[in-house]
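1. Just the structure for this:
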Amino acid sequence: MSARLVLIRIVAALSVILGANYVAWRWLESVNWSAWWIAVPLVLAETYSLVDTFFFSLTMWRARDRPAPVSAPEGTVDVFITTYNESIEMVLATALAAQRIAYPHETWILDDGAREDMKEAARAAGIGYIRRSNDWDDKPRHAKAGNLNNALFQTEGEFLLILDADQIPDPLILHRTLGYFADDPAVALVQTPQWFGNVDDADPLGSQAPLFYGPIQQGKDGWNAAFFCGSNAVLRRDALMQLGIVGYVRDLERSTMRTLRAAESMLAKAVRRREVDPDVGRQLKSLVADVSGARSEIAAGAAIGDVTYRLQAAVNKASRQLVARDFASLRADLAMIESLPVERDAELDAVVIDDDALDALANHEFSPLAAVESVSALLHALRVDRPDEAQPVQPLATISVTEDMATAMQLHALGWRSVYHHEILAVGLAPEDLRTMLKQRLRWAQGTLQVMLRDNPLVKKGLSAGQRLMYFSTMWSYISGYAAIVYLAAPVIYLVFGVLPVTAWSVDFFARFIPYFLVNQILFLVVARGLRTWRGQQYSLALFPVWIVACSTAFANVVFGRPLSFVVTRKDGSTREGFPWREIWPQLIAIAVLSLALIIGLGRLAVGTADGTGTLVNTVWVIYDLVVLSVIIQAALYRGPAREGTTFREEPS
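-> Residues are numbered from 1 along each chain as shown. From the prediction side, this is the model:
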C-alpha cells in the first residue's frame, strides 16, 4: 500500500467519524423544534452531505493507480465513430485520425442520420460506413445505444474502440489499452479519460472533470466498478453479446411464464364449466397438465423455444378436435380473443404484456374451444415457437438515455471486470456556451436517475457490495439539488427573520462543525493532489435547478411513462445569442435574495436587533454561497470559439 493511499484512508476515516459525530449531535441535541420547518430540512440536508462524504471516502479507500498492461496488444479491432448530425468535416477529421491508429483495425462511421453526403465522403476516404436499415423506421432508435447495437451485428472485430464524433484519438490508443484484455480474460471494458482541447485554463463551464477522470474513476476501479463513459473506451465484443443474449433470455422467460400462468387459468376455468362434455373435459385437463409441465420445465432451465413448440403442437391438436364440438359457442368469444394482451410492441421491439388485460382474459369464462384458441394465440404472440426467426438482442443497455453506465453495470453483474486507464488518449470538444452545457448536464443526470429507478444497483443481483455502493454513490450525487435549496434558504431565513435552525450558536456547535468541515476540505486536497477541483465543487451547488428538474423528469418518465424530450445540442454558436436569462433565472434569483438578505442582516445587527455570532456565521455562509453561484454569471458571459456546423445529438431513448 502506498504512503499516499495510507494518508487518504486516515483523512477519509477522520472525515466520516467527525461528520457522524456532528450530525448525531445535530439530531439529538441541537435541532430547534420550535422552527422545525427550516430546522428539520437543514439537518436532513446535513445528513445527506454526510452520506455523500461517506460515499466519497469509500470510493477513495481503494484508489488504484494501475501500471501499464503486461501483455502485448492482440486481437482484431473495429473502431466505431458514432454520429447523428455533426458536421461532415468534424466526423471525417475524427475518422481520418482513427485510420492513423497504429494498431491494425477497421474504422467505421456509424451514421444515425443516414446522410448520403456522409456516406459518399466516407467511401471517398476509404472508411467503412454503417447506417440503420429501413427496418428501424417504425421503432425507437435508442439513440447512441441503438446505433452501436446495429453496428455490432454488421462487424466482426473481437474488440471495439468507441469514439464520439469529436474525439480525436492518439495513434497509440490501442497499443496502450488492448494488453489489459490479454492480461485478464474477464476484462470487458477499458475506459480512458475524456479530455477537451477547446477549454481554457479558467474552464468557466466546468467541462474538464479532473476529479472524476482521475481519483474518482481510480477509486471505483479499486472496487471493480469503473464504468463506461460513452467514448474513448475499448470493449470486448463477446462480453457485449453475452449481455444482449442474457438480457433477451431473461425478458423472454418472464414474459413466457406470465403468459403460461394465464393460459393455465383459462383452461382450468373451461374445465369447470358445467356443460362441458366429459371427453372434452378430459382433453382440457390434459392441456392444463401440459401447460403446468411446460412451466416446470422452463423453471428448471429447459429451452423455452423447445418447450413452447411442443406445447403449441399439443394445443393445435386439441383445437382441431374441438372445432366440430364447440363452433357455435366460439362466436361469442371472438371479440375477447381479438384483443390479446400479449404482442410485439413496434416501439420497444420486444414482447409487451398488458398485465391487467391478461388478468381479465384469464378470468373470462371461455367456451372450451375458445379457451384453447386463446392459449394458442398467446403462444403465437410470444414468438418463441419459431427458432428460425430473428429475435431482438440489445447488447448495449437501452433502459436509459445514458447507455454507458447502464451497460457497464450489466456487465459487472454478469461477472465481467473493468479497467480505468489513466492516460489521455483522445482529445475532444466541450460545449462552448452555457445553454449547451446545461442541456448536456441535464441529460447525464436524467439518464443516471433513470438507471437508479429502473435497475437500482442496491438490489441488483450479481453485483458485489462494493460495486452496489459505487454505482449508487454516482446516482446519489444527483439528488443534491434539494439539499442545495436548504443550504441557500437557511442563512437567508436567519438574516432576514432571525429564525435559528439550531438551538444556539454555541461552543458545542463550533467544536463539532469546524473540525468536520476542515478535515473534509483536507480530504479533497489530498485526493486531488494538485488538480483543480474548485470548479466542480461550484457546479455541484450552482446547478441545483438542473438536478431538481432531472429528478422530477426521470421519476415521471419511469413511473408515469412520460417521454424525456431533448433537442439537438448545437456547437455552431447558434445557442450563444444573448444572455441566457431563461436558463439560469433560479440561480439569479438566489443571488439576488442572498445579497438582499446580507444587507438586511447587517442592518439588523447595526440597530441591535440581531445576534452578533449568528450574524457572523450566516454572513460567512452567504458570502460562500455567492462565491459558488458566481460561476453561473461567468459561464453565462463566456463565449468560446465557435466551430461552424458542429452539433451534438441529444435525443430521447
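2. drop to CA atoms for contacts and neighbour counts, all remaining ones
-> OK.
3. Mind naming the longest helix for the chain?
-> For the chain, the helix with the greatest residue count under DSSP state H is helix 237-271.
4. Return the alpha-carbon coordinates of whichever helix or strand comes after it using PDB.
-> Of the helices and strands lying after helix 237-271 in sequence (DSSP states H and E), the nearest is helix 278-299. This file holds the C-alpha atoms of helix 278-299, laid out as PDB (Å, rounded to 0.1, in the frame of the first residue of the first chain):
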ATOM      1  CA  PRO A 278     -66.700 -35.400 -20.200                       C
ATOM      2  CA  ASP A 279     -64.500 -36.200 -23.200                       C
ATOM      3  CA  VAL A 280     -63.800 -32.500 -23.700                       C
ATOM      4  CA  GLY A 281     -63.100 -32.100 -20.000                       C
ATOM      5  CA  ARG A 282     -60.500 -34.900 -20.100                       C
ATOM      6  CA  GLN A 283     -58.900 -33.300 -23.100                       C
ATOM      7  CA  LEU A 284     -58.800 -29.900 -21.400                       C
ATOM      8  CA  LYS A 285     -57.400 -31.400 -18.200                       C
ATOM      9  CA  SER A 286     -54.600 -32.900 -20.300                       C
ATOM     10  CA  LEU A 287     -53.800 -29.500 -21.700                       C
ATOM     11  CA  VAL A 288     -53.800 -28.000 -18.200                       C
ATOM     12  CA  ALA A 289     -51.200 -30.600 -17.300                       C
ATOM     13  CA  ASP A 290     -49.200 -29.800 -20.400                       C
ATOM     14  CA  VAL A 291     -49.100 -26.100 -19.600                       C
ATOM     15  CA  SER A 292     -48.200 -26.800 -16.000                       C
ATOM     16  CA  GLY A 293     -45.500 -29.100 -17.100                       C
ATOM     17  CA  ALA A 294     -44.200 -26.500 -19.600                       C
ATOM     18  CA  ARG A 295     -43.900 -24.000 -16.700                       C
ATOM     19  CA  SER A 296     -42.000 -26.500 -14.600                       C
ATOM     20  CA  GLU A 297     -39.600 -27.300 -17.500                       C
ATOM     21  CA  ILE A 298     -38.800 -23.700 -18.100                       C
ATOM     22  CA  ALA A 299     -38.300 -23.000 -14.400                       C
END
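5. hang on, the earlier thing: can you give me the angle the longest helix of the chain makes with helix 278-299?
-> 160 degrees (axes from the mean of the first three to the mean of the last three Cα atoms, to 10 degrees).
6. So which elements touch helix 237-271?
-> On a contact count with 3 or more Cα pairs under 8 Å, 6 or more residues apart in numbering; DSSP states H and E, helix 237-271 meets helix 278-299, strand 350-353, helix 355-363, helix 368-382, helix 403-413.
7. For the last one, buried residues please.
-> Looking back up the chat, that one is helix 403-413. Across helix 403-413, burial judged by 16 or more other Cα atoms under 10 Å covers 403-413.
8. JSON lines please, covering the residues you listed and showing distance to Lys269 and pLDDT.
-> Below are these laid out as JSON lines (distance: Cα to Cα, whole Å; pLDDT from 0 to 100):
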{"residue": "Glu403", "distance to Lys269": "45", "pLDDT": "72"}
{"residue": "Asp404", "distance to Lys269": "47", "pLDDT": "84"}
{"residue": "Met405", "distance to Lys269": "46", "pLDDT": "88"}
{"residue": "Ala406", "distance to Lys269": "43", "pLDDT": "87"}
{"residue": "Thr407", "distance to Lys269": "43", "pLDDT": "89"}
{"residue": "Ala408", "distance to Lys269": "46", "pLDDT": "92"}
{"residue": "Met409", "distance to Lys269": "43", "pLDDT": "93"}
{"residue": "Gln410", "distance to Lys269": "41", "pLDDT": "91"}
{"residue": "Leu411", "distance to Lys269": "44", "pLDDT": "93"}
{"residue": "His412", "distance to Lys269": "45", "pLDDT": "95"}
{"residue": "Ala413", "distance to Lys269": "41", "pLDDT": "93"}
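9. Looking at these, which is nearest Leu322?
-> Nearest to Leu322 among those, counting by Cα to Cα, is Gln410 at 47.1 Å.
10. Now the weakest link among the helices and strands packed on helix 237-271, please, by mean pLDDT.
-> Ranked by mean pLDDT, these end with strand 350-353 at the bottom, a mean of 53.
11. Which stretches in the stretch 1-150 of the chain count as helices?
-> 3-25, 36-61, 88-99, 116-124, 143-152 (DSSP state H, counting those that start in this stretch).
12. Lowest mean pLDDT across those helices, which one is that?
-> The bottom spot among the helices of the stretch 1-150 of the chain, by mean pLDDT, belongs to helix 143-152, with a mean of 82.
13. Tell me the one of the buried residues of helix 403-413 nearest Lys317?
-> Nearest member of the buried residues of helix 403-413 to Lys317, counting by Cα to Cα, is Gln410, at 41.8 Å.
14. What number of residues are in the vicinity of the closest residue to the closest one other than its chain neighbours?
-> Nearest residue to Gln410, sequence neighbours excluded (Cα to Cα, 6 or more residues apart in numbering): Leu243, at 7.0 Å. Number of residues near Leu243 (other Cα atoms under 10 Å) recorded here: 22.
15. I'd guessed Leu243 sits against Ala413; true?
-> No. The pair Leu243 / Ala413 is not scored as a contact, 9.6 Å apart, by Cα atoms under 8 Å.
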